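1. I'd like to go over a predicted model; first the sequence, then the structure.
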Amino acid sequence: MLHRVLRAALTIAVVIFTSPITVLAQITPKLIEAAKKEGEVMFYGAITVSSSKAIGDAFEKKYGIKLRHWRGDATELINRSLAEARAGKPGFDVTLGNEVVMASLVEKNLFAVFEPPPAKGYPDQFLDAGKKMTPWRVLPYGINFNHQLLKASEAPKTWEELVDPKWKGKFGMANPGIHVTTLQFVLNLDKLIGPNWLKVVEGWAKNDPRIGRSLADTIQPLTSGEVQVALGYIKDKYQYPGPIEYVRMNKYLSSLSFVAINRQAPHPNAARLFTDFFVGPEAQTIFGNYGEYVFHPEADHKFKKDVKDDQIVVMRLPSKEELENWSKKFRDMFR
């Protein structure tokens, strides 16, 4: 899977577009009326069915416009979007994805410039300078633990503690040689723990963690008690049933998710209106209630008491060479 994502995200290809739309950061009565005439908006992105339905219902109630949602993983989203662009048959109006997905589509010039008015209150450090995509959530990576098996005082407090032999066979993680977000995470550990980051990761491997192909693979072993600890998104506490708690840390390596408009959106006015709604307070509050760390200052979310914006350390996107070279090393390390 990792190599398919990398090839889709990082291989240079030529995509020819015609009649690009011009997108202005204004939501006017005229635009709203034009969007209503278009009648629907096609949305690509890996959000849950329940959150998609909640957002779609709220958008339709407000504007009378139907939201259609196609859900795929990173590989599927990239491949589908690029195939449609090459065929000259754009399918999506609005899409979302993490840095790997969005960087690959920005590279192919799929996105229109658009600065949604609600995003002007977002933290500057998370905004895209090119204004071709807008951040809508942050995904802090942390240490989750089963609170029925461990007290908060007993859980590992730092990444280095997982090297201790007492955690041998007792924690789970996605394989960084296969899972691109975990690969990105370990390659950014130097931002938190300095030049000894690789020794720490090697120590994890020697401690025989339970390895999954994705972050989702760590949830069942954690909630069932097969492992006491799992490396993953701290939002898992709120998004999965079971005894999940996360360790409070000083800093969190984090991935960003962005939303963007297709340059050749089949429903360009509905695309602008939906993007404006998506990053506005109503939709951001819905996502906040689902356990997402959202940005809009008027939207509440479940992390406000424990995690602040200045604790977020945004992960850099590794180079193509880094991803290819390290994926092989980590596959060998985490057999």
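-> Looks like it arrived, so ask away. Residues are numbered from 1 along each chain as shown.
2. please enumerate the strands of the stretch 201-335 of the chain.
-> Using DSSP state E, counting those that start in this stretch, the strands of the stretch 201-335 of the chain run over 210-212, 229-233, 244-246, 252-261, 293-294, 312-314.
3. tilt between the second one and strand 252-261?
-> Angle, strand 229-233 to strand 252-261, by axes from the mean of the first three to the mean of the last three CA atoms, to 10 degrees: 30 degrees.
4. could you give me the average pLDDT of strand 229-233?
-> Strand 229-233 shows a mean pLDDT of 97.
5. quick one: that strand to chain centroid distance?
-> 16 Å (CA atoms, centre = their mean, to the nearest Å).
6. could you list every helix and strand in contact with that strand?
-> With contacts taken as 3 or more CB pairs under 8 Å, 6 or more residues apart in numbering; DSSP states H and E, strand 229-233 sits against strand 134-146, strand 171-174, helix 219-224. To be clear about C-beta, it is placed using only N, CA and C from the backbone, and glycine gets the same treatment.
7. now whichever strand or helix holds Lys61: average pLDDT?
-> For Lys61, the element it lies in under DSSP states H and E is helix 49-63. Taken as a whole, helix 49-63 carries a mean pLDDT of 95.
8. ok, residues contacting it?
-> Outside helix 49-63, the residues within contact range by CB atoms under 8 Å, 6 or more residues apart in numbering are 32, 35-36, 41, 43, 65-67, 69, 71, 273-274, 277-278, 282-283, 286-287, 290.
9. those, buried ones only, as a ChimeraX selection?
-> Command for ChimeraX that selects the buried part of those, burial taken from 16 or more other CB atoms under 10 Å:
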select :32,35,41,43,65,67,69,273,274,277,278,282,283,286,287,290
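10. inside helices: which ones of the contacts of helix 49-63?
-> In helices, defined here by DSSP state H, the members of the contacts of helix 49-63 are 32, 35-36, 273-274, 277-278, 282-283, 286-287.
11. which one of these is nearest Asp190?
-> When those are compared for distance to Asp190 (CB to CB), Phe287 wins out at 30.8 Å.
12. for the closest one, give me the pLDDT.
-> Reading off the confidence values, Phe287 has pLDDT 95.
13. what about it, distance to Ser52?
-> The spacing between Phe287 and Ser52, counted by CB to CB, to the nearest Å, is 11 Å.
14. just Glu40 next, same as before
-> Using CB to CB, we find Glu40 at a distance of 14 Å from Ser52.
15. now do the same for Ser214: its pLDDT.
-> 89.
16. thinking it is in contact with Met173, fair?
-> No. Using CB atoms under 8 Å, Ser214 is not in contact with Met173; the gap is 10.6 Å.
17. neighbour-wise, which of those two wins?
-> Met173 (25 against 17; other CB atoms under 10 Å).
18. pretty sure that one contacts Ile211?
-> Yes. Met173 is in contact with Ile211 according to CB under 8 Å; the separation is 6.6 Å.
19. which one is Pro135 nearest to, not counting chain neighbours?
-> Distance criterion CB to CB, 6 or more residues apart in numbering; nearest residue to Pro135, sequence neighbours excluded, is Phe126 at 4.5 Å.
20. cool, and Leu187?
-> Using CB to CB, 6+ apart, the nearest residue to Leu187 is Pro318, at 5.1 Å.
21. swap in Phe287?
-> Closest residue to Phe287 apart from its sequence neighbours, by CB to CB, 6+ apart: Val294 at 5.2 Å.
22. who's in contact with Leu31?
-> Leu31 makes contact with 269, 272-273 under the criterion CB under 8 Å, 6+ apart.
23. any idea how far stretch 140-150 is from the chain center?
-> Centre to centre, stretch against its chain (CA atoms, centre = their mean), the figure for stretch 140-150 is 20 Å.
24. so how far is Phe114 from Lys89?
-> According to CB to CB, Lys89 and Phe114 sit 22 Å apart.
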